[in-house]
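J.: Quick check, what structure comes out for this input:
(4 chains)
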There are 2 protein chains.
Amino acid sequence: MTVMDDLDGKIIGLLVEDARKPLTEVAGQVGLSTSAVNERVRRLVAQGVIRRFTVDASPEALGLPVLALIWAAVPHAREAAFRSFAATHPGIVECHHVTGVWSYLIHLRVADLAGVETFLTHLKSEDLLERSETMLALSTVRSAPWVPR
Amino acid sequence: MTVMDDLDGKIIGLLVEDARKPLTEVAGQVGLSTSAVNERVRRLVAQGVIRRFTVDASPEALGLPVLALIWAAVPHAREAAFRSFAATHPGIVECHHVTGVWSYLIHLRVADLAGVETFLTHLKSEDLLERSETMLALSTVRSAPWVPR
DNA sequence: TCTGAAACCGGGAAACC
DNA sequence: GGTTTCCCGGTTTCAGA
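T.: As a prediction, the model looks like this:
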């Protein structure tokens, strides 16, 4: 299905750095014509290799400096509810079902520590949380792009 | 510093969904002229609220289906070395310095489980790892945008 | 800081190699 | 699949409010 050569890789790399970079420039840097690049980008989007064009925003600038990493044990009977909650809650940046003693790892973006407490209290009140363990990110060496929602 | 009103918030929200959406459309949806939107976007970039325009790619489509979440204890004397390693290693998607018994949480994207072993072995051989604990993401309820490097 | 008009330039389609 | 050409439309700038 996925037919990718290293030119596609280069194109993606350039667009990762700046998605607004004119295709003419991209074309110049990969050694193709604009149309060829345009067609390849179209294909990459159609194939789902590129999921979307987006912006990487600064959570700090938008008032969400606190990143909490939360291990969560979810009541078995409430797992479906937990998943739909996690999929829509605006503070939840990531949520992975993981191996090990905890069922989920949540990345939570909030304005302050009170926001963490509010979040955990809310989860418990909805019976979506058996127990949890929270760690705070003191600093970040490397981060994924962040998008508000 | 950061002067943001809810119009800026709306604009960012629209660009998050589709960074290539014509500014004329954005303008229509927020009730401003194209020029005004253009100016606001320019300001948001200048202020660092928007860090960059990028693409959200599919790690699976690019042959990296495995996401490993690794807790790492790093030798105190090697922390600077660890940080610069983590900042540049292509497989490391995220790396946070955290509170708790572990010093770092790493998100590692690799092709298969052998990739996880190679990674850990390499870290140890460079004396960047005292001990670690690895969890695998079985499924992801919610994920941040992913960019290859 | 916004609007509206004008200039410019990049993107998308068509025809062809 | 690739290139070149051409046209449409979006971005950008500027004058004015």
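J.: Surely A:Leu120 is in contact with A:Thr134?
T.: Yes. With contact defined as C-beta atoms under 8 Å, A:Leu120 reaches A:Thr134; the gap is 7.3 Å. Backbone N, C-alpha and C define where each C-beta goes, glycine included.
J.: Wait, a strand at A:His96?
T.: Yes. Secondary structure of A:His96, determined by DSSP: H, G, I helix; E, B strand; the rest coil: located in a strand.
J.: count of residues packed around the closest residue to A:Glu79 other than its chain neighbours?
T.: Closest residue in space to A:Glu79, ignoring its immediate chain neighbours: A:Ser103 at 7.7 Å, by C-beta to C-beta, 6 or more residues apart in numbering or on different chains. By other C-beta atoms under 10 Å in any protein chain shown, the residues close to A:Ser103 number 19.
J.: which residues in chain A form helices?
T.: Ranges of helices in chain A, per DSSP state H, are A:6-17, A:23-30, A:34-47, A:79-88, A:113-125.
J.: Indicate which one of those is closest to B:Glu60.
T.: For the helices of chain A, the distance to B:Glu60 is smallest for helix A:34-47, at 11.5 Å, taking C-beta to C-beta.
J.: now that closest one, how far from the chain's geometric center?
T.: 24 Å (C-alpha atoms, centre = their mean, to the nearest Å).
J.: now it and helix A:6-17, what's the angle there?
T.: 80 degrees (axes from the mean of the first three to the mean of the last three C-alpha atoms, to 10 degrees).
J.: Kindly format the C-alpha coordinates of helix A:34-47 as PDB.
T.: This file holds the C-alpha atoms of helix A:34-47, laid out as PDB (Å, rounded to 0.1, in the frame of the first residue of the first chain):
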ATOM      1  CA  THR A  34       6.700  21.900  -8.700                       C
ATOM      2  CA  SER A  35       4.000  19.800 -10.200                       C
ATOM      3  CA  ALA A  36       5.700  16.600  -9.400                       C
ATOM      4  CA  VAL A  37       6.100  17.700  -5.800                       C
ATOM      5  CA  ASN A  38       2.500  18.800  -5.700                       C
ATOM      6  CA  GLU A  39       1.400  15.400  -7.000                       C
ATOM      7  CA  ARG A  40       3.500  13.600  -4.400                       C
ATOM      8  CA  VAL A  41       2.100  15.600  -1.600                       C
ATOM      9  CA  ARG A  42      -1.400  14.900  -2.800                       C
ATOM     10  CA  ARG A  43      -0.600  11.200  -2.900                       C
ATOM     11  CA  LEU A  44       0.900  11.300   0.600                       C
ATOM     12  CA  VAL A  45      -2.200  12.900   2.000                       C
ATOM     13  CA  ALA A  46      -4.500  10.500   0.100                       C
ATOM     14  CA  GLN A  47      -2.500   7.500   1.400                       C
END
